[in-house]
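J.: coords please:
(2 chains)
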Amino acid sequence: MAVASGSQTMNNVEAVRATLYEAMKSDDRTVIIGEDVGNRGNVFLITKDFIKEFGPQRVIDTPIAEASIVGIAVGMAMEGLRPIAEIQFADFIYPAFNQIVGEAAKTRYRSNGEYTCPLVIRTPYGGGVRGALSHSVSIEALFYHVPGLKIVAPAFPADVKGLLNAAIDDPDPVLFLEHKKTYRLIKGEVPDGHYTIPIGKADVKKTGTQLTVVSYGLYVHWALEAANALEQEGLSVEVIDLRSIRPMDRTAILQSVRKTRKLLIIHEDNKFGGIGAEISAMVAEEALFDLDAPIRRLAAPDVPAMGYALPLEEEYMSSPAEMADSMREMVKF
Amino acid sequence: MATTITMPQLGETVTEGTVERWLKQPGESVEKYEAFVEVSTDKVNSEVPAPVTGTLREILVQEGTTVATGTAIAIIEEVGAVPAASAAKAAAPGSGASATEPPKTREAMAASANLEPVPGFNLPEMPVQHAGNGHARVAPPDASSETALRGVSPAVRKLAREHRIDVRSIRGTGANGRVTAQDVLAAASAGASAPAAAPPAKPAAAPPLKPGTSTYGEPIPGTLIPLTSARRIIAERMVESKHTAPHAWSMVEVDVTNVWKWRAREKDAFERATGYKLTLLPFFIRAVVESLAGFPLMNARFTADGILVERDVNIGIAIGLPTNLVVPVVKGADKLSIKGLAIASGELIDKARRNKLSADDLQGGTFTVNNNGANGSYASAPIINGGQAGIVTMETVVKKPVVTADEAIAVRSMMNVCLSLDHRVVDGYVASGFLADLKKRLEAMGPSGIL
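T.: Just a heads-up that it's a prediction; the model follows:
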């Protein structure tokens, strides 16, 4: 990451907004399309006033029709524009599933490389905000099975900017996941100027020697909180922020696991068939003889949704305290 | 996990059985394969062995009752399984309450969603020491070591192998006394010498061993033979060679008819002149050293810095003694004639049998020959003498019908020659070339030669 002259403190919403603004400003092929992105300026005010500056031709309000949003964006991308489609909440992405999986992800392959689909689909996801059944879901596992689709889920403002720039520059479709609880909660220094962070690179946010924790999104912050607390008990936990879910940084995970010999995967999405399953399988295939404990996954229970009632939401999610408990057990195993 | 035991089918046409007698009562522990119930049919009375190790939780069929084969008769709770709680939950979804495990809201949630309970927030089952030793009448002799090894992680296994440490000799600091990778590393750095030889913990149920009353020459069943230093060194060297040198194996069949005839013609005169018997060994060694000259990589050793190609050709001769194995070395074997080799090897064999070998006699070997065929061995896979590239054996000489070059069938004296090679030093290409050359040289030897 090339750090320019200075940096500014931003939260994740501001980092998304600033990056989108620069993209709109620097390349007039860039188009933002989605529900309420224009006059309303996005429900989190990410694109507030964009329509005034760039006009309704480039900041396009759509009906509540996700299949159309992505379908139109796929067409724009194939014909030379740089669309950034927004699904207002990840919970509403299902109607667009065919456009994303069946069309966008296969464009390059289907056309034998003649067409690419340089499309970014941004969407806020995740819980912890009393969002209940239709404003809390994690959707990454539904899409990470699909070759041809990149998925990123940064947790820190500087990573948001670097990865969003990389996603916009990418010649192929990228699903860009923004954890809505981190939007205003997480602040950090964001370097000035244009820079990218390569998609597919994880980041070791805290080094440690006794246990590797792999996570992404909001839970990276909670895992760091737990790991830092354990540091006071003399336990040394390494925390890896995946940042990109697909492609996955196998090297970073394996390197760390070979050092610590223990692996805990923490994610907010439910456990069965989740991202942790792929990481577990990969580590079992590549590093079995370095493992000193069974791989463990801390993830949500297999229930249909995060409940609205606070106790249900809390029960669905893993707290920093629960994470610390799991880490402690793993280190002491 | 609970295992349901059903009435076995004791015979092809048998459709029902009677529970005669319960050998175990609920709450008692049972070992796998231990008889825990007697059943009878009109054809046979039989004790039924337990399919798993665990605790007999419930008897479902009372003594004297006849039931159809396949009917559940008992439930055994497996050792190492999550106890009662999960089973109780399965029986009464959502209730979840148990003395041993607090109810888990997650599971209650899952249950309310009509999905399977999710035990996922606990670590996978930890190895549990078998709790029933007090009850078990007959523990298998290796029960404790098996238990000790059950929770050994792949990393621990790998590290223990690398550092040659017996995991059972390490005191574990992990959960439930588990030996961790750190424990192995600590043990490795603590005593590079001691732990390797540390004996495994003795199984508690094994009969007391009487050391010192039994010898290698006269082994007495049920006793422990103390290790002589020679036996200890043999053990260490064999293990070291097998662990460090990846052994590969190859064999050729050699027609020794002519060399055998040559030997027969010379042996009486030779014995009169020198006092030593003339065996096939010196002929063989001669062929070996000639082949080694053509394949110097076979007379080499693997070192961390590279493959050290030996200057000298010193041939070790493996000699089996009743309690021991010695490998005295014919130094400068490439400079000796067959006659010289016969005398040199004859001297060494004589000294070995009289236990008169000096330390010098045993040092400096660069390649080894094992005359293995005396007792009829037809093929063998020898262990390389540490620090050498290979070892060849002479197997027994047998007369066989052989198709000769001109497609006739002839009775020939055939001998297998087996080679184990250190695959770090040479590959099959060199090794098979060496063996083919050795075969050619042996087959070319004949009565017209000069000893």
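J.: Tell me which residues touch residue B:219, please.
T.: Residues in contact with residue B:219, defined by C-beta atoms under 8 Å, 6 or more residues apart in numbering or on different chains, are residue B:225. Heads up, the C-betas are built off the backbone N, CA and C, glycines and all.
J.: right, and residue A:12 touches residue A:176 too?
T.: No: with contact defined as C-beta atoms under 8 Å, residue A:12 does not count as touching residue A:176 (11.9 Å).
J.: Compare those two and say which is more crowded by neighbours.
T.: Here residue A:12 and residue A:176 are compared on neighbour count by other C-beta atoms under 10 Å in any protein chain shown; more neighbours surround residue A:12, at 29 against 24.
J.: Next one: the more buried one from residue A:28, what distance?
T.: Computed as C-beta to C-beta, to the nearest Å, the residue A:12 to residue A:28 distance reads 26 Å.
J.: Could you do residue B:222 as well?
T.: Here residue B:222 is placed at a distance of 92 Å from residue A:28 (C-beta to C-beta).
J.: for residue B:50, same thing?
T.: As defined by C-beta to C-beta, residue B:50 lies at a distance of 78 Å from residue A:28.
J.: List the contacts of residue 318.
T.: By default, I'm working from chain A. With contacts defined as C-beta under 8 Å, 6+ apart, residue A:318 is in contact with A:219, A:222, A:266, A:268, A:298-300.
J.: nope, chain B please
T.: Contact partners of residue B:318, counting by C-beta under 8 Å, 6+ apart, are B:325-327, B:368-372, B:382, B:385, B:391.
J.: Domain ranges for the chain, per the record?
T.: By default, I'm working from chain A. Segmentation of chain A into domains, based on automatic domain parsing, reads A:10-191, A:203-332.
J.: Actually, chain B is the one I wanted.
T.: Following the assignment in automatic domain parsing, chain B carries domains at B:2-112, B:141-233, B:246-444.
J.: These into JSON lines, with extra columns for mean pLDDT?
T.: Below are the domains of chain B laid out as JSON lines (pLDDT from 0 to 100):
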{"stretch": "domain B:2-112", "mean pLDDT": "71"}
{"stretch": "domain B:141-233", "mean pLDDT": "71"}
{"stretch": "domain B:246-444", "mean pLDDT": "93"}
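J.: I'd like those laid out as TSV, including distance to residue A:131.
T.: As requested, those are arranged in TSV below (distance: least, C-beta to C-beta, whole Å):
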stretch	distance to residue A:131
domain B:2-112	17
domain B:141-233	38
domain B:246-444	59
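J.: for the stretch 201-350 of chain B, what spans make up the strands?
T.: For the stretch 201-350 of chain B, the strands defined by DSSP state E, counting those that start in this stretch cover B:210-211, B:223-224, B:247-255, B:300-303, B:306-309, B:315-321, B:324-326, B:329-330.
J.: my bad, should have said the stretch 101-250 of chain A
T.: Listed from the start of the chain, the stretch 101-250 of chain A has strands (DSSP E, counting those that start in this stretch) covering A:120-125, A:150-152, A:174-179, A:187-191, A:203-206, A:211-215, A:237-241, A:244-246.
J.: Tell me which of these sits most buried.
T.: For the strands of the stretch 101-250 of chain A, the stretch with the most neighbours on average is strand A:211-215, a mean of 29; neighbours defined as mean count of other C-beta atoms under 10 Å in any protein chain shown.
J.: Neighbouring strands - and their directions - for it?
T.: Strand A:211-215 has the following strand partners under DSSP bridges: strand A:237-241 (parallel), strand A:263-270 (parallel).
J.: Quick one: the ones you listed as TSV, columns for mean pLDDT too.
T.: What follows is those, written out as TSV (pLDDT from 0 to 100):
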stretch	mean pLDDT
strand A:237-241	98
strand A:263-270	98
